[in-house]
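Asker: One predicted model, sequence on top.
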Amino acid sequence: MTDVLWHTWADTYQARPRRTMTPRDTEEVAAAVIAAAAEDLRVRMVGTGHSFTDVAITDGLLLSPASLTGLRSVDPISGTATVAAGTPLCDFNDALAERGLALANMGDIAVQTTSGAVQTGTHGTGRDAGGLASQVVGMEMVLADGSVVECSAENEPELFHAARVGLGAFGVVTALTFAVRPAFLLRAEEMPMPLDEVLERLPELRADNDHFEFFWFPHTGNTNTKRNNISEGPSRPLPPFKAWLDDDFLSNRVFERVNRMCRRFPVTVPAVNQISSRALSARSYTDVSHKVFASVRNVRFVEMEYAIPSEHVADVLREARSIVDRGDHRVSFPVEVRFAPADDVWLSTAHQRESAYVAVHMYQGTPYREYFADLEALFTSVGGRPHWGKLHTRDRAYLEGVYPRLADALAVRDRVDPHRHFGNAYLDRVFD
C-alpha cells in the first residue's frame, strides 16, 4: 500500500512512507525486510503511535503488526508466556487472566502493542517489580539479512541484552516471551497529601508499598498519592457508577473541558489547579492487578519523562516547583512521579540504578517547549535518562555519559545491521 499518512497518537510526528504492509506472520516479515533491502528502503515497525518522539517514523517501508497478534504459548513449568508482537497489552492481560496468570508490573495505560511498549522502555511503578523489558526472557526477531533469531540470556545474549529496549534498531521483533506469575489482586489506596509531606516521607512511602506513585498539581502544594499493594482479597472493585464518575466522567470528559478552557485562558490555570487538587477525595478498592495498574486516558497531551537517580527526586521536585512558581509557565496537567528498581537491560532507563521517573505533560495544542526545556535542564543536571518514546532533545554525546553499556549495544547493532536498514532520523540522533 502506498500514499498512507501515519501519525503518532498526540500528532507530534507524521510519516508518509513509500510503502506500508501488514505482514501476517514472521515469514512475511522476513520476506518484507529482504525486499525492502533490495530497494534500499529503510524499515520500521509501528505500534499504536503512543510514542511522542519520531522513533517509529520512516520514509521507507512501514510495517504494521496488526495481524501479528495472539498468545502463542504458555509454559506453566517455567512460568513463561509467549505473545505475538502486535498484541495489545490489554488483550495480553486478558489472555493471561483466563489462564490464572499475570504480569508482575504494568504501565498506567494498556492499549500499546506489546512489542512497542517493550522496545521503548515502558514501565510502571514498583518497589521490587521493574518495567516491562525486565520481565522479558526471550525474543523472536527478524534481522536485517532476513534471518529469524530467537535470543535470550542463554542464546545470543548480547543481542538479547541490547535489543530488549532496542527502539527497533536491532531488528523487527515478532514475538516476546515474558516471565509471568500467578494472577493476583491489588488493593489501591488513593488519597490527597501535601507535596512537602510526600517528599519528607518518600523513603517510608516507597519502602512500605509494593507500588507507590504520586501526582503533583503545579501552581499548588498539593498531590494525589496512589498506593497499590498485593492483597489476599476478597475482590472489592469500585461500584460501576463510582468507576464511571471518577475514571470516565471526571478524569476524562470534565478534564478535557477544563484543559480546553485553560488552553484558551492560561491565566486561569493556577486557580483551576487549586480547585482540582482540593476537590479530590480518598478512595480505595481491590481488583485484579491489570485493572488497577492501567487506566483509560482519552485526553490528548504531549509528554516528556526522565528517569533520575532516586536519591535526587525530592530535591528535583522542589526545584521543579520553584521553576513553575517563578516562571511564566501555566501547567494544567499534573506531574507524575513513579519509581523502579535497578535492572540489567542495557538501554533501560533503570539500568543498574534505582530510578525515579518524573513525567511532565501539556495539553495537546498548548505551548510546551519552554516549560519542557526548563525541566529538561533540571533533569539532566542530575544525570537523567530520557524516556525513549517521550519528547527530549538528547543526543549520543549526552546519552553515552549516562548509559554505561551504550557502546556495547551499538557494537551489537554494527554486527546485526551494519547498513542501518532499520535506521531513521531519530536513531541517527541518539545512536550515531
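Answerer: Cool, the structure landed. Numbers count the residues shown, from 1 in each chain.
Asker: does the residue lying closest to Ala104 once chain neighbours are set aside count as helix, strand or coil?
Answerer: Sequence neighbours aside, Ala129 is the residue nearest to Ala104 in space, at 4.2 Å (criterion: Cβ to Cβ, 6 or more residues apart in numbering). The C-beta positions use only the backbone N, C-alpha and C, and glycine is treated the same way. Judged by DSSP: H, G, I helix; E, B strand; the rest coil, the three-state class of Ala129 is coil.
Asker: same deal with Val272?
Answerer: Look at Val272: counting by three-state DSSP, its state is helix.
Asker: count of neighbours near it?
Answerer: 18 (other Cβ atoms under 10 Å).
Asker: and it, what pLDDT?
Answerer: You'll see Val272 listed with a pLDDT of 91.
Asker: The residue nearest in space to the middle of the chain: which element?
Answerer: Nearest residue to the geometric centre of the chain (Cα atoms, centre = their mean): Thr122, 2.9 Å. Applying DSSP states H and E as the criterion places Thr122 outside every helix and strand.
Asker: For the protein, which residues score under the pLDDT cut-off?
Answerer: 1-3 (pLDDT under 70).
Asker: Please state the backbone phi and psi of Leu101?
Answerer: Main-chain dihedrals, Leu101, degrees, to the nearest 10: phi -130, psi 170.
Asker: What about it, how many residues nearby?
Answerer: Leu101: 20 neighbours (other Cβ under 10 Å).
Asker: What of Tyr357?
Answerer: 25.
Asker: quick one: strands adjacent to the helix or strand that contains it?
Answerer: If you go by DSSP H and E, Tyr357 is part of strand 355-363. Strand 355-363 has its sheet partners listed here by DSSP bridges as strand 301-309 (antiparallel), strand 335-340 (antiparallel).
Asker: residues making contact with the shortest one?
Answerer: Where contact means Cβ atoms under 8 Å, 6 or more residues apart in numbering, the residues beyond strand 335-340 that reach it are 123-127, 130-131, 206, 212-216, 218, 305, 307, 310, 313, 317, 320, 349-350, 354-361.
Asker: The first one too?
Answerer: Applying Cβ under 8 Å, 6+ apart, the external contacts of strand 301-309 come out as 10, 12, 52, 316, 333, 336, 340, 349-350, 353-364, 368, 372, 375-376, 379-380, 382-387, 390-392.
Asker: From these, list just the buried residues.
Answerer: The neighbour count (16 or more other Cβ atoms under 10 Å) marks 10, 12, 52, 316, 333, 336, 340, 349-350, 353-364, 368, 372, 375-376, 379-380, 382, 384-387, 390-392 as buried among the contacts of strand 301-309.
Asker: thought Pro334 was touching Lys226?
Answerer: No. With contact defined as Cβ atoms under 8 Å, Pro334 does not reach Lys226; the gap is 11.6 Å.
Asker: joint contacts of those two?
Answerer: Phe215.
Asker: Going along the chain, name the helices of the stretch 251-400 of the chain.
Answerer: Secondary structure of the stretch 251-400 of the chain (DSSP state H, counting those that start in this stretch): helices at 255-264, 269-279, 289-293, 313-326, 369-380, 396-402.
Asker: of all the ones you listed, which lies closest to Val74?
Answerer: Comparison of these against Val74 by Cβ to Cβ identifies helix 289-293 as nearest, at 16.1 Å.
Asker: C-alpha coordinates for the closest one, CSV please?
Answerer: Taking C-alpha atoms only, helix 289-293 is exported to CSV below (Å, rounded to 0.1, in the frame of the first residue of the first chain):
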residue,chain,number,x,y,z
SER,A,289,-3.9,-6.5,39.1
HIS,A,290,-4.1,-5.3,35.5
LYS,A,291,-7.3,-3.4,36.1
VAL,A,292,-5.6,-1.5,39.0
PHE,A,293,-2.3,-0.8,37.2
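Asker: neighbouring contacts of that helix?
Answerer: By Cβ under 8 Å, 6+ apart, helix 289-293 touches 90, 93, 97, 102-103, 105-108, 110, 124, 183-186, 188, 211, 228, 237, 285.
Asker: swap in stretch 88-105?
Answerer: Residues contacting stretch 88-105 (Cβ under 8 Å, 6+ apart): 48, 69-71, 74, 81, 83, 87, 106-107, 110-114, 117, 123-126, 129-132, 135, 178-184, 211, 288-290, 293-294.
Asker: Buried by neighbour count, from these: which ones?
Answerer: 48, 69, 71, 74, 81, 83, 87, 106-107, 110-114, 117, 123-126, 129-132, 135, 178, 180, 183, 211, 288-290, 293-294.
Asker: Strands - which of these land there?
Answerer: Leu71, Val74, Ala81, Val83, Phe178, His211, Val288 (DSSP state E).
Asker: From Val180, how far out is the third one?
Answerer: Look at Ala81 and Val180: by Cβ to Cβ, to the nearest Å, they are 5 Å apart.
Asker: again, but for the second one
Answerer: Note on Val74: its distance to Val180, by Cβ to Cβ, is 8 Å.
Asker: shared neighbours, these two?
Answerer: Joint contacts of Val74 and Val180 (Cβ under 8 Å, 6+ apart) are Thr80, Ala81, Leu101.
Asker: Report the beta-bridge partners for the first one.
Answerer: When you say that, I think you mean Thr80. With DSSP bridges as the rule, Thr80 is bridged to Asp75, Ala179.
Asker: quick one: contacts for it?
Answerer: Val74, Val137, Gly138, Thr177, Phe178, Ala179, Val180.
Asker: The second one in helix, strand or coil?
Answerer: In other words, Val137. strand.
Asker: what number of residues lie near it?
Answerer: Neighbours of Val137 (other Cβ under 10 Å): 20.
Asker: need the contact list for it.
Answerer: Thr80, Ser152, Ala153, Thr177, Phe178, Ala179.
Asker: re earlier: hey, what's in contact with both of Ala81 and Val180?
Answerer: Contacts common to Ala81 and Val180, judged by Cβ under 8 Å, 6+ apart, are Val74, Leu96, Leu101.
Asker: which one of those sits closest to Ala35?
Answerer: The shortest approach to Ala35 among these belongs to Val74, at 33.8 Å (Cβ to Cβ).
Asker: list the contacts for Val324?
Answerer: Pro218, His219, Val331.
Asker: Most neighbours among the residues you listed, please name it.
Answerer: Val331 (25 neighbours).
Asker: Do I have it right that that one meets Thr220?
Answerer: No. Between Val331 and Thr220 there is no contact under Cβ under 8 Å: 10.4 Å.
Asker: what sits in contact with each of those two?
Answerer: By Cβ under 8 Å, 6+ apart, Val331 and Thr220 have these common neighbours: Asn273.
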